[in-house]
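1. Fold the following and give me the result.
(2 chains)
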Amino acid sequence: MAALRVGQSLAPRTARRLALLSFVLPLLLWSAVSYIPFVWHPLILITDPGDVDYFQPGMRMDRADFRTEVAHAVAAHKPVPQGVPANPIYLPPPHAVFLALFTAFATPPATQDGNWLHESLWHSIQVIFWGFVISSILGVPLGILCGAYAPISKLSEPFVEFFRYLPAPAFGALAVSILGIYDGPKIAIIVIGTFFQQVLIIANTTRKLDFSLVEAALTLGTDQRRMLTRVVIPAILPDLYRDQRILLGWAWTYLIVAELIGTTSGITWFITQQARYQHFPNVYAGIAMIGIIGFGTDALLGLLARRLFPWERSIAAQFGASTA
Amino acid sequence: MTLPGYLDLAPDVRARFERLKARDVILQVEHLTKQFETRAGRTLALNDISFTTHRREFLCIVGPSGCGKSTLVRILAGLDRQSAGAVLLAGKPVTGPGADRGMVFQGYTLFPWLTVKRNVMFGLEMNNHGRAEAEREALQWLDLIGLGRYAEAYPHQLSGGMKQRVAIARALANQPRILLMDEPFSALDAQTRARMQSYLLEIWRKIDITIVFITHDLDEAIFLADRILVLKANPGEVAELIEVPVPRPRHPRQFAGPEFRATKDRLEALIHPPALGDDADAYPEMPRLTNVADEVE
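-> Okay, here's the model as predicted:
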């Protein structure tokens, strides 16, 4: 591979290969730690307890303790316990997690009132959706107004800037006492986590509008009312769309905290439940599911952008370069 | 210090200017002054500028950088406010931007999200023409500028010259009284610029429009203008209003003609007066580097 050069652009083939490699490399690392016995493997998985009374098949032992017991057994001429090197239970091998991605959907809920995985996921998606929609209904117009009109900006942005630093989960208890224990407080946390960033980001995007377009529109006889709807908004729309994609990603990062508030629900309920039973492949599967949904949604929105904004070449270029 | 002699107007040229000045006054600028308030204090950008433009006149404004020619045209467009004085368009004072004054900017300023046709329709729609009527007129304008085939293209698919033609059509579609152009061709390459100049003159001949054209290219000014308003810098003031003696219709071969040369000499003398000593500071004699082996002429 050629040496790194600042600003160097890549051939599409190379870009695609590197993008693929960015997923393959961590996977290879994980496989190495899982499948090569002399890489890490700090524990011994007992296959035959021998004469040690507290050993059981399937038990994971510290390597040093196991050796001590083996030495004792050898000295006493009793059956020697057997075992193979193993990783801690919280690090399942890749194949177990990939399998869990499928079996988790096929496994019925453990309790009567429990949910199937797809039901949990659907619940999480709904929480994200409503949180993001409510935040956007308020945040997008306010952001545009702040960006377009200096008095509105000065009147609202300093406070928004302050509020942005208050961590959304801090409002959890408050949200529960106001909105109850079900979906209300969860949606509220996502709104609080998204809204304030949204106003500032969209205000900045609006301020970056090419002002010569506004002047051109003025000389064509555009009045103030139509300036906003016919010039400012269409001009910033591709950038606004890109901001919304980034903000939707942020909304997802608030999901787990939000779902822990009140009654635990959705994918978080699934993850915590599985962790309690030490079904770690399922835990990783649940976490990976969030990534797959988030990444997939963003890729779809990126594809959609190419249809929505045919005049915007930078979106097409950016999208073409970033995904395989 | 004597300025180069200025060519006397031939009788037919003189008669042409008599006819021009007999036409209605479209634009009247009276004692226009613009001050900028900065932290360092006040800067006088324009000082007591007065001139008139007649119907169907082509007026060019030239001047050294910093003479405030862009500020002047922005005030005419209503995008900036003057500190004192008045701008009258057909007798009525200008108080803000409006559809009666079209403007073409140096940057293309086409709306990138609209097709070429919708760009030309924009002004008509803003002035409450129906969609169908706006579309019909836009297509007529696109035919006039020879871009009918590109009606459904987006601006980013056009070359710089084509974009600027669309910008001219967009400004003219509103049927303004006057077309203001702020260095519209300076971002184009030399060949395209020359073609656009001939092209603009052709449009100007075909329709009833008065043009005020800012440029720093003296050849361009002489080639296009009936009269050239020459500004000087610090503060921006009128140096002279030159009546261009080059006969119309204009052709690039006139660049070598005596009227053209004389006008250019006069403009050069006004804009770049002979050095009074400061030139020596700005461009000191360059030392010869000792590691250069060959002598060059």
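
2. Tell me which residues touch whatever residue of the stretch 51-200 of chain B ends up closest to chain A, please.
-> Relative to chain A, the nearest point of the stretch 51-200 of chain B is residue B:99 (3.1 Å; CB to the nearest CB). All C-beta atoms are positioned from the backbone trio N, CA, C, and that covers glycine. Residue B:99 is in contact with A:219-221, B:123, B:126-127, B:174, B:176, counting by CB atoms under 8 Å, 6 or more residues apart in numbering or on different chains.

3. how many other residues sit next to residue 201?
-> I went with chain A, as the question did not name one. By the criterion of other CB atoms under 10 Å in any protein chain shown, residue A:201 has 20 neighbours.

4. hmm, I had chain B in mind actually
-> With other CB under 10 Å as criterion, residue B:201 counts 18.

5. do residue B:54 as well
-> Neighbour number of residue B:54 under other CB under 10 Å is 19.

6. what's across from it in the sheet?
-> Applying DSSP bridges to residue B:54 yields these beta-bridge partners: residue B:25.

7. Would you mind listing the residues in contact with the residue lying closest to residue B:114 once chain neighbours are set aside?
-> Spatial nearest neighbour of residue B:114, chain neighbours left out: residue B:122 (6.7 Å); criterion: CB to CB, 6 or more residues apart in numbering or on different chains. Residues in contact with residue B:122 (CB under 8 Å, 6+ apart) are A:217, A:220, A:230, B:111, B:114, B:170.

8. Over to residue B:239?
-> Here residue B:239 is in contact with B:63, B:230-232, B:270-271 (criterion: CB under 8 Å, 6+ apart).

9. and residue 215, how many neighbours?
-> You didn't say which chain, so I picked chain A. Neighbour tally, residue A:215, other CB under 10 Å: 18.

10. switch to chain B, that's the one I care about
-> Count around residue B:215 with other CB under 10 Å applied: 24.

11. mind listing what it touches?
-> B:60-62, B:183, B:185-186, B:221, B:224.

12. swap the cut-off to 7 Å and go again
-> For residue B:215, the contacting residues are B:60, B:62, B:183, B:221, by CB atoms under 7 Å, 6 or more residues apart in numbering or on different chains.

13. before we move on, what about residue A:153?
-> Going by CB under 7 Å, 6+ apart, the list of residues near residue A:153 reads A:146, A:203.

14. Would you mind measuring from it to chain B?
-> For residue A:153, the distance to chain B equals 22 Å [CB to the nearest CB, to the nearest Å].

15. picking up where we left off before, if we only consider the contacts of residue B:215, which is nearest to residue B:103?
-> Comparing these against residue B:103 with CB to CB places residue B:183 closest, at 11.9 Å.

16. wait, isn't that closest one in contact with residue B:106?
-> Yes - applying CB atoms under 7 Å as the test, residue B:183 and residue B:106 come out as touching, 4.5 Å apart.

17. Which one's more surrounded, the two?
-> residue B:183 (19 against 16).

18. which helix is the longest one in the chain?
-> If you meant another chain, say so; for now it's chain A. Longest helix in chain A by number of residues, with DSSP state H as the criterion: helix A:117-148.

19. right idea, wrong chain: chain B
-> helix B:190-206.

20. buried stuff in it?
-> B:192-194, B:196-197, B:199-201, B:203-204 (16 or more other CB atoms under 10 Å in any protein chain shown).

21. Identify the residues contacting the residue in the stretch 51-200 of chain A that chain B sits nearest to.
-> Of all residues in the stretch 51-200 of chain A, the one sitting closest to chain B is residue A:144 (15.6 Å; CB to the nearest CB). Listed by CB under 7 Å, 6+ apart, the contact set of residue A:144 reads A:202, A:206, A:233.

22. go again using 6 Å as the cut-off
-> By CB atoms under 6 Å, 6 or more residues apart in numbering or on different chains, the contact list for residue A:144 reads residue A:206.

23. now swap in the one 3 residues further on and tell me
-> Residue A:147 sits next to A:203, A:206-207 when contact means CB under 6 Å, 6+ apart.

24. What is the nearest of those residues to residue B:254?
-> Using CB to CB, those come closest to residue B:254 at residue A:207, 48.2 Å.
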